[in-house]
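> Got a predicted structure plus its sequence, pasted below:
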Amino acid sequence: MTALSAEQVRAVPKIELHIHLEGTFRPSRVAELAGVVGEEPPRPVDRLFEVDNLADFLETLDWVCGLVRDEPTAEQVAYDFAAYAHDQGMVYAEVIVNPTHWSGLATGELFTACARGFDRAQADGLGDFRLLPSILRQQSEQEARQLVEWIAGAGLPRIVGLSIDGNEEAAGRTGPRFAPAYADAARIGLGRTAHAGESSGAEGVRDAVELLGVSRVDHGVRCIEDPEVLAMVLKRDITLNVCLTSNCTLLYSSLDDHPIRELAAAGVRFTINTDDPETLGISLCSEIQLAADYLGWSLGDLVAAQHRAIDAAFCSDADRQALRALVDQTVGT
C-alpha cells in the first residue's frame with residue numbers, strides 16, 4: 001500500500017528546479033545525432049551512463065552535448081525536454097544549461113536556440129520552462145564574470161538565474177573564486193543557486209550560502225553533517241533541491257542511508273527533483289513516488305512540496321501566484 005497512487009502523483013501539476021538539459025537526451029536521440037556527425041558512442045547508447053564516478057559521468061555528458069552542432073538541433077533538444085515535462089504533468093521548470101558541455105555551439109547560439117525551443121513549447125501548451133546558465137567549477141573567476149556579463153546583455157527573458165555545477169571534490173573550494181560573479185548576478189536581478197553538499201561536504205553548503213548568497217542549494221543534503229551549517233540553512237530559510245536517485249547513485253549506498261528523513265524532521269525546506277532523468281533512467285513522477293513511499297506522504301504533502309518549489313522559483317510574484325492557483329485548483333484545496 002503506497003501513500004500516494006501513481007495516478008495522484010501524475011495528476012498534480014508539478015514544478016522542477018534541479019534538472020540539467022544535458023541529462024535529458026533519450027538514447028534514440030543520442031544515436032541519431034551520433035549518426036549525423038559520424039561519431040561512435042564510447043559505450044552502447046542504452047548503457048552510455050553506466051559509469052562509476054562523477055568525473056566519467058561529466059566526460060560522457062561532454063561527448064553527448066558535443067553532438068549538437070547547430071541551433072535548430074539545440075532548439076529541438078529543448079522542445080524534446082518540454083514534451084517529456086508535459087508528459088510528467090510538469091507546468092514549470094528551471095532548466096540548468098552549462099555551456100561548457102556544448103562544444104559545438106557558442107554560448108549565445110546555445111541559449112538563444114533553447115529559448116526558442118521553450119517559446120515554441122509554451123505556445124503549444126506544453127508548459128513554462130526557464131533557463132539557468134551554469135558555471136563549471138573548473139572555470140576561472142574571469143570566465144564566470146564573463147558569463148554573467150553576457151546574460152546581462154543578452155535580453156533573453158527565459159534566463160532567470162545563475163547556477164554552478166561540476167565536481168567540487170576535484171575542483172577544490174570554489175566559493176571565493178565565484179563570489180564576484182554571483183555579486184554581479186545579484187546586481188542584475190538574477191536568482192542564484194549552486195550545487196553544493198554533494199561532491200563537497202557541509203562546508204560547500206556554507207560557502208554557497210555565505211559567499212555566493214544563494215537562496216537555494218542544489219543537492220545540499222550533506223549540510224546534515226554539520227549542526228552549525230544545518231542551523232544556518234534553517235535560519236536563512238534555504239531550500240534544498242534534492243535528487244534522491246542521483247544521490248544514491250553517486251553518494252549513498254541506499255535510500256536508507258540518505259538523510260532526507262533527518263532533513264525533513266529538522267524542518268528543512270526541500271523539493272524533489274531528478275537532476276539528470278535520462279541518464280539515471282528515472283522521471284519526475286518516479287522520483288516523487290519514491291519520496292512519497294519512503295516518507296509516507298499524503299496528497300497534502302505532495303502539494304506542500306510543490307508550494308515549496310513555487311516559493312523558491314526565480315519567477316515573478318504574478319507567475320508564482322498563478323502557479324500556486326493552478327496547483328490548488330487541480331487538487332481542490
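It's in.
> What strand or helix carries Ala186?
helix 175-187 (DSSP states H and E).
> Who are the packing partners of the next helix or strand after that helix?
On the C-terminal side of helix 175-187, the nearest following helix or strand under DSSP H and E is strand 191-196. Applying 3 or more C-beta pairs under 8 Å, 6 or more residues apart in numbering; DSSP states H and E, one finds that strand 191-196 contacts strand 161-165, helix 175-187, helix 202-210, strand 216-219. C-betas here are computed from N, CA, C, even on glycine.
> Of those, which is nearest Arg324?
strand 216-219 (17.4 Å; C-beta to C-beta).
> Quick one: distance of the closest one to the chain centre.
9 Å (C-alpha atoms, centre = their mean, to the nearest Å).
> Kindly report the same for stretch 261-275.
Using C-alpha atoms, centre = their mean, the offset of stretch 261-275 from its chain centre is 15 Å.
> repeat for stretch 236-252
Distance, centroid of stretch 236-252 to centroid of chain: 11 Å (C-alpha atoms, centre = their mean).
> List the buried residues in that stretch.
Residues of stretch 236-252 classed as buried under the neighbour-count rule (16 or more other C-beta atoms under 10 Å) are 238-251.
> Can you pull out the low-pLDDT segments for the stretch 201-333 of the chain?
Confidence mapping of the stretch 201-333 of the chain against pLDDT under 70 gives the ranges 333.
> Helices of that one, start to end?
All helices of the stretch 201-333 of the chain, identified by DSSP state H, counting those that start in this stretch, fall at 202-210, 227-235, 244-250, 260-266, 277-280, 284-295, 299-312, 317-331.
> Would you mind telling me which of these is nearest Ala34?
Short answer: helix 277-280, nearest of those by C-beta to C-beta, at 15.0 Å.
> and the closest one, what other elements does it pack with?
helix 54-65, helix 244-250.
> Is it possible to get a markdown table of the ones you listed that adds distance to Ala291?
Formatted as a markdown table, those follow (distance: least, C-beta to C-beta, whole Å):
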| stretch | distance to Ala291 |
| --- | --- |
| helix 54-65 | 22 |
| helix 244-250 | 6 |
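> Leu131 is nearest to which of those helices?
Taking the helices and strands packed on helix 277-280 one by one with C-beta to C-beta, helix 54-65 is closest: 14.9 Å.
> List just the nearest of the buried residues of stretch 236-252 to Gly23.
Of those, the one sitting nearest to Gly23 (C-beta to C-beta) turns out to be Ser246, at 9.1 Å.
> Isn't the closest one up against Thr279?
No - Ser246 lies out of contact with Thr279 (C-beta atoms under 8 Å); the separation is 9.0 Å.
> Skipping its backbone neighbours, what lies nearest Leu251 in space?
Leaving aside its sequence neighbours, Leu251 sits nearest to Glu198 (C-beta to C-beta, 6 or more residues apart in numbering; 6.2 Å).
> From His18, how far off is the one you found?
11 Å (C-beta to C-beta, to the nearest Å).
> Out of the helices of the stretch 201-333 of the chain, which gets nearest to Leu48?
Comparing these by C-beta to C-beta, helix 277-280 comes nearest, at 7.6 Å.
> Find out how far that closest one is from the centre of the chain, if you would.
12 Å.
> How about residues contacting it?
19, 23-27, 48-49, 57, 60-61, 84, 245-246, 249, 274, 283-284 (C-beta atoms under 8 Å, 6 or more residues apart in numbering).
> Narrow those residues to those that are buried.
The buried subset of these (16+ other C-beta under 10 Å) comprises 19, 23-25, 27, 48-49, 57, 60-61, 84, 245-246, 249, 274, 283-284.
> so how far is Pro176 from the residue nearest to Arg206 when sequence neighbours are not counted?
Nearest residue to Arg206, sequence neighbours excluded (C-beta to C-beta, 6+ apart): Val229, at 5.1 Å. Per C-beta to C-beta, Val229 is found 17 Å from Pro176.
> what does Leu212 give?
For Leu212 relative to Pro176 (C-beta to C-beta), the value is 10 Å.
> Likewise for Ile188?
Distance of Ile188 to Pro176, given as C-beta to C-beta: 21 Å.
> Likewise for Ala82?
37 Å.
> Who has more neighbours out of the two?
Set Ala82 next to Pro176 and count neighbours by other C-beta atoms under 10 Å: Ala82 wins out with 24 against 11.
> pLDDT at the closest residue to Ser28 other than its chain neighbours, what is it?
Closest residue to Ser28 apart from its sequence neighbours, by C-beta to C-beta, 6+ apart: Val45 at 7.8 Å. The model reports Val45 with a pLDDT of 90.
> ok, now how distant is Val45 from Leu54?
20 Å.
> same thing with Gly104?
Per C-beta to C-beta, Gly104 is found 23 Å from Leu54.
> neighbour count winner among the two?
Leu54 (18 against 15).
> follow-up on the earlier one: could you export the buried residues of stretch 236-252 to TSV, including columns for distance to Ala3?
Formatted as TSV, the buried residues of stretch 236-252 follow (distance: C-beta to C-beta, whole Å):
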residue	distance to Ala3
Ile238	26
Thr239	22
Leu240	21
Asn241	22
Val242	17
Cys243	20
Leu244	15
Thr245	18
Ser246	22
Asn247	21
Cys248	19
Thr249	24
Leu250	26
Leu251	25
